[in-house]
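Trainee: take a look and give me a structure for this.
(chains A, B, C and D)
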Number of protein chains: 2
Amino acid sequence: MTGVSQATVSLVLNGRDDGNVRIAPETRERVLHAIRTTGYVADPVARRLAARHNRILGVFTYEPVFPTGTGDFYHPFLVGIEECAERLGCDLLLLTSAPVAGGRRRIFHDDNRLRLADGCVLLGRSLDRDELTRLVTEDQPFVSVGRRDDAGGPVPYVGADYPTATAAVVRRALAAGHTALAYLGQGAGPESHADRMRGFRAALDEAGRTPRHLPTTDRSPAELLDALLAAGVTAAVVEEYADGVAIAQLARERGLDIPGDLSILALGDPTRPASTDIDFTGFRIPRREMGWQSVEVLTGLLEADPETVPQRLVPCQPVDGATLAPPKVIP
Amino acid sequence: MTGVSQATVSLVLNGRDDGNVRIAPETRERVLHAIRTTGYVADPVARRLAARHNRILGVFTYEPVFPTGTGDFYHPFLVGIEECAERLGCDLLLLTSAPVAGGRRRIFHDDNRLRLADGCVLLGRSLDRDELTRLVTEDQPFVSVGRRDDAGGPVPYVGADYPTATAAVVRRALAAGHTALAYLGQGAGPESHADRMRGFRAALDEAGRTPRHLPTTDRSPAELLDALLAAGVTAAVVEEYADGVAIAQLARERGLDIPGDLSILALGDPTRPASTDIDFTGFRIPRREMGWQSVEVLTGLLEADPETVPQRLVPCQPVDGATLAPPKVIP
DNA sequence: GCCGCTCGATAATTCGTATTAGCACCTTGA
DNA sequence: TCAAGGTGCTAATACGAATTATCGAGCGGC
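Mentor: Sure thing, here's the model as predicted:
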């Protein structure tokens, strides 16, 4: 149309005006005019092929991306991720095509589509250790949402600062006069559980009190409540919000006063569907913020920005709530 | 690694075994082994450039994809979309990079990334008509979630059958003895509103009753309730669930009995955050199903499958609810 | 020994853009 | 008049795969 070469069109299209590149204003205008009248748009695919990157960020979850059974626990993470991606002008690729093998999705398989994206955000309670190791050793750019132990090298992550938040909650209970506290939950396994347990122990050790642990696996709320009462526990520190709800409801049905007879402290948001009617004392996981920051870290990694700290702990937001009261003094 | 050419790798990778293409089983196995051990994956971008498709489906919404203000109205659509994409082995590209111009995201702009995907699912209350026209005329493969009027040609869509569902609700009210019914809402503008209104009018015409319309724009719940009562309306047919909640709550505060004094019928799910305590009579939008089917239609379009019906209306699920009762007989 | 045929694999080209070295032309100054 | 330097643009190539025409080897038949 303009009798000009493809290279020139490319240069004009990208508004190049460096030292080496020079286009006569008259030519530039002619090309721009042709572009405008034809509505020409550079093919993004070819563009990406040449540029060697996509501005696409992958999102991989071991659970379905849009959760139904997990009571939307992951939703706020995604909101943060999307917000940040939008601000950065990146698109989000949900890696839904990953096939399920052995009950979980797998990142690595014969038709691995990870490289569709420039980098990848990993979401999920616990990540497969082998896959994590492979990601690290293969030098795939990725960030985990949630702290992860090293796996063949340091893992970039944006996690919630569970130790600090849990310790703070425990200290509040101690300050209120409690001496018999118990941790309800796994306290091990996924990093997020182990971290809570560490905070719990640290705060009690610091106060010279004995930390007690009540594992929840395969035990009904009734069994747990019985165990709590039998042990003379006055403040239950609950790993999983939904467990707290179950115990609180059961206790009230039995005529117990919460928090009069038993204080209950919730370490985070429900990861299973649960009523949120009870205003638990505890903390909130800064999920949106974590999602946002995970994208920041990922893009920092991609740009090899030396300023970017690839391992971050975000503080949790304390919740005053109404389930902590001084223990009853036994006369 | 295998001493084999790029072409051979490509052929093995794609499992080609046509008449013209022949690979010795031994070679094929050697290449496959190398692929497996290195975890090699074809660059999807290059693949798309050459093959013109890449099993990526775009998802474009005029609102943020992970909604916060819309009370998760879009969430179920996404669940359905994800489920179907997963089953088909497709990945989902959330087109979050689309910049906002004039208060809305725009599909078409200087760095249009739509073509990164094979096709695109469009989500949103109302789609920009110009952009829709351009999609149709440029022959971009896409599907709208929600019925759309023609825009320079027929628009592929998967919509909810609002006319039928609304007419059914109205007939129930008529059967219960109501004669003074009013439609609360816009009743125009987006197709989904116009469709409800059509169903409303059709059912009333059929019964020889006068359809009344109470526009909601810029009117407070109090004004609306006053207007309803002044007009002697006994059954309010509410376009937007959240409006129904506001009016019902206000009415009860004023000592009115719902549905004794006023029946309220909700035409769908809340698109704004709203309490769902009230068990409204009305219907539910088959959002998950719509999401699922939209992906089906899109892939049908991509494969030029002649079986695929590119315009579908999905029936809504009736809800009995507790907000419809016979009108009070004025003695 | 030559032709024809099948089998296996590859060289070469394509997709549409970004990038860079370098060419042709012009001006300037000695 | 010619080297030096500047200007405006283009040819060529890369990006990483898919595709196709073609090539060489091996083999049987005459």
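
Trainee: the closest residue to residue A:308 other than its chain neighbours sits in which helix or strand?
Mentor: Using C-beta to C-beta, 6 or more residues apart in numbering or on different chains and skipping the chain neighbours, the partner closest in space to residue A:308 is residue A:300 (2.8 Å). All C-beta spots, glycine's among them, are computed from the backbone N, C-alpha and C. Using DSSP states H and E, residue A:300 falls within helix A:287-302.

Trainee: downstream neighbour of that helix in the secondary structure list?
Mentor: strand A:311-314.

Trainee: care to break chain A down by domain?
Mentor: A:6-42, A:53-160+A:286-315, A:162-284 (automatic domain parsing).

Trainee: so who does the residue in the stretch 201-331 of chain A positioned nearest to chain B touch?
Mentor: The nearest approach of the stretch 201-331 of chain A to chain B comes at residue A:288, 8.9 Å away (C-beta to the nearest C-beta). Contact partners of residue A:288, counting by C-beta atoms under 8 Å, 6 or more residues apart in numbering or on different chains, are A:76, A:77, A:79, A:80, A:83.

Trainee: again, only using 6 Å
Mentor: Applying C-beta atoms under 6 Å, 6 or more residues apart in numbering or on different chains to residue A:288 gives the contacts A:76, A:79, A:80.

Trainee: pretty sure the second one sits against residue B:72.
Mentor: In this case it means residue A:79. No - between residue A:79 and residue B:72 there is no contact under C-beta atoms under 6 Å: 10.5 Å.

Trainee: if I look at the residue nearest the centre of chain A, how far off is residue A:268?
Mentor: In chain A, the residue lying closest to the centroid (C-alpha atoms, centre = their mean) is residue A:145, at 3.6 Å. Separation of residue A:145 from residue A:268 (C-beta to C-beta, to the nearest Å): 14 Å.

Trainee: can you pull the buried residues of the helix holding residue A:300?
Mentor: A:287-302 (16 or more other C-beta atoms under 10 Å in any protein chain shown).

Trainee: for DNA strand D, what are the nearby residues on the stretch 51-200 of chain A?
Mentor: Counting by C-beta under 7 Å from any atom of the strand, the positions of the stretch 51-200 of chain A adjacent to DNA strand D are residue A:52.

Trainee: contact partners for the residue nearest to the centre of chain A?
Mentor: By C-beta under 6 Å, 6+ apart, the contact set of residue A:145 is A:77, A:123, A:158, A:290, A:294.

Trainee: how far away is it from residue A:77?
Mentor: Residue A:145 sits 6 Å away from residue A:77, taking C-beta to C-beta as the criterion.

Trainee: give me the common contacts of these two.
Mentor: By C-beta under 6 Å, 6+ apart, the residues touching both residue A:145 and residue A:77 are residue A:123.

Trainee: quick check, the residue in the stretch 51-200 of chain A closest to DNA strand C?
Mentor: Ranked by C-beta to the nearest atom of the strand, the top residue of the stretch 51-200 of chain A for proximity to DNA strand C is residue A:51, at 5.4 Å.

Trainee: now the domains of chain A in CSV, with distance to residue B:277 and mean pLDDT?
Mentor: Listed next are the domains of chain A as CSV, based on distance: least, C-beta to C-beta, whole Å; pLDDT from 0 to 100:
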stretch, distance to residue B:277, mean pLDDT
domain A:6-42, 49, 89
domain A:53-160+A:286-315, 18, 86
domain A:162-284, 12, 95
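
Trainee: for these, give me a markdown table that also has distance to residue B:208.
Mentor: Converted to a markdown table, the domains of chain A look like this (distance: least, C-beta to C-beta, whole Å):
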| stretch | distance to residue B:208 |
| --- | --- |
| domain A:6-42 | 53 |
| domain A:53-160+A:286-315 | 45 |
| domain A:162-284 | 48 |
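
Trainee: between the ones you listed, which one is nearest to residue B:58?
Mentor: Across the domains of chain A, residue B:58 has its closest neighbour in domain A:53-160+A:286-315 (8.4 Å, C-beta to C-beta).

Trainee: any residue of that closest one up close to DNA strand C?
Mentor: No - judged by C-beta under 7 Å from any atom of the strand, domain A:53-160+A:286-315 makes no contact with DNA strand C; its nearest approach is 10.8 Å.

Trainee: first to last residue in that domain, what's the distance?
Mentor: 33 Å (C-alpha to C-alpha, to the nearest Å).

Trainee: I'd like the distance from that domain to the chain centre, please.
Mentor: Chain-centre distance of domain A:53-160+A:286-315: 9 Å, with C-alpha atoms, centre = their mean, to the nearest Å.

Trainee: do stretch A:32-52 as well
Mentor: 37 Å.

Trainee: contacts for that stretch next, please.
Mentor: Contacts to stretch A:32-52, defined as C-beta under 6 Å, 6+ apart, come from residues A:1, A:2, A:54, B:45, B:46, B:48, B:49, B:112, B:113, B:115, B:116.

Trainee: any chance of a PyMOL selection covering the buried ones in these?
Mentor: Applying 16+ other C-beta under 10 Å to those, the buried members can be selected in PyMOL as follows:
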select buried, (chain A and resi 54) or (chain B and resi 45+48+49+112+113+115+116)
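
Trainee: for the contacts of stretch A:32-52, which one is nearest residue A:309?
Mentor: Of all those, residue A:309 sits closest to residue A:54, with 24.4 Å by C-beta to C-beta.

Trainee: is the closest one in a helix, a strand, or coil?
Mentor: Secondary structure state of residue A:54, per DSSP: H, G, I helix; E, B strand; the rest coil, is coil.

Trainee: where does it fall, phi/psi-wise?
Mentor: In terms of degrees, to the nearest 10, the main-chain angles of residue A:54 are phi -120, psi -30.

Trainee: wasn't residue A:170 part of a strand?
Mentor: No - counting by three-state DSSP, one finds residue A:170 to be helix, located in no strand.

Trainee: you'd agree residue A:282 is in a strand?
Mentor: Yes - counting by three-state DSSP, one finds residue A:282 located in a strand.

Trainee: quick check: bridge partners of the residue lying closest to it once chain neighbours are set aside?
Mentor: Counting by C-beta to C-beta, 6+ apart, residue A:266 is the residue found nearest to residue A:282 once chain neighbours are left out, at 3.7 Å. As for beta bridges, residue A:266 partners with residue A:238, residue A:282 under DSSP bridges.

Trainee: my read: residue A:266 touches residue A:241, true?
Mentor: Yes - between residue A:266 and residue A:241 there is a contact under C-beta under 6 Å: 4.8 Å.

Trainee: which of those two has more neighbours?
Mentor: residue A:266 (29 against 24; other C-beta atoms under 10 Å in any protein chain shown).

Trainee: check contacts around the more buried one.
Mentor: By C-beta under 6 Å, 6+ apart, the contact set of residue A:266 is A:238, A:241, A:244, A:280, A:282.
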